[in-house]
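[1] A predicted structure for the sequence below; I have some questions about it.
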Amino acid sequence: ERIREERFDAAFTERIDWCSVGQAFRLNTYRFAEAESFAQKDGLYPVSHMDINLAYVPTIMGGRFGEDMAFAQRAFNLINYLVYKLFVCHAVDGYNEMFNAFQPGFPDLLELMARNSLYFLNSDPLIDFLQQHELSISEASPYPINDFSRSLIQTWSNILELRRHTALMSFCTLAKTHSMPEEYKET
């Protein structure tokens, strides 16, 4: 309740955490952006409004073929797609039950996720397979920072110094806390 009183305007959630969009909804945050820390998951068209061409694009879980697939490889690709879609959508059921236990009539999480305002996809448009996208989808390549003990390059320093306070979002990042400046550890 205390957090709900903050009245957030928007939220950022990560698609791999099924609870995050439910938590954003419970906080009365109806505008949110989702991020994916790895490539688009197959079978989540109802959420991302972005499906794949199974005759051309290998699936994320079983696609070890290139764009030139024989009939048997395309069939294998389709089966992998359907199995993964069932797995992903079935995994949401437990979370739906949990939210309904605390708030009867809670909306379906897949439906909530489909309402996203923006969807940041971890992708590299130069090397990934071409796909049609909704306007709300933004492909973002990852930016690795190897060691916090080294100073950031001047460009990033200039960007971060433009405002008094900066929120740096990072999804699926491993940081060595012993390398972080003491000031960061205390705030």
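    Good, I have the coordinates. Residues are numbered from 1 along each chain as shown.
[2] least confident secondary structure element in the chain?
    Ranked by mean pLDDT, DSSP states H and E, the weakest helix or strand in the chain is strand 137-140, scoring a mean of 50.
[3] any idea how far the nearest residue to A10 once chain neighbours are set aside is from I16?
    The shortest distance from A10 to any non-neighbouring residue, by CB to CB, 6 or more residues apart in numbering, is to R31 (4.5 Å). Glycine gets a C-beta too; all of them are placed from N, C-alpha and C. As for R31, its distance to I16 is 20 Å (criterion: CB to CB, to the nearest Å).
[4] tell me the contacts of R4?
    Shown in contact with R4 (CB atoms under 8 Å, 6 or more residues apart in numbering): 26-28.
[5] write the ChimeraX selection for whichever of those are buried.
    ChimeraX command restricting those to the buried ones, with burial defined by 16 or more other CB atoms under 10 Å:
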select :27
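[6] what number of residues lie near R115?
    R115: 13 surrounding residues under other CB atoms under 10 Å.
[7] now the helices for this structure?
    Assigned by DSSP state H, the helices in the chain fall at 18-26, 45-48, 71-102, 109-114, 154-160, 182-186.
[8] just checking, what packs against the third one?
    In this structure, helix 71-102 packs against helix 18-26, helix 109-114, with contacts taken as 3 or more CB pairs under 8 Å, 6 or more residues apart in numbering; DSSP states H and E.
[9] okay if I get those helices as a markdown table plus distance to I79?
    Shown next, in a markdown table, are the helices and strands packed on helix 71-102 (distance: least, CB to CB, whole Å):
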| stretch | distance to I79 |
| --- | --- |
| helix 18-26 | 24 |
| helix 109-114 | 22 |
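[10] which one of these lies closest to E36?
    helix 109-114 (11.2 Å; CB to CB).
[11] tell me what that closest one is packed against?
    Here helix 109-114 touches helix 18-26, helix 45-48, helix 71-102, going by 3+ CB pairs under 8 Å, 6+ apart.
[12] before we move on, back to that, any idea how many residues pack against the residue nearest to A10?
    13.
[13] for the remainder of this discussion, apply numbering that starts at 53.
    In the new count, where the first residue is 53, that last one comes out as R83.
[14] and the pLDDT for it?
    pLDDT, R83: 75.
[15] distance of R78 from F84?
    For R78, the distance to F84 equals 12 Å [CB to CB].
[16] with L161 instead?
    12 Å.
[17] any common contacting residues for those two?
    Shared contacts of L161 and F84 (CB under 8 Å, 6+ apart): V73.
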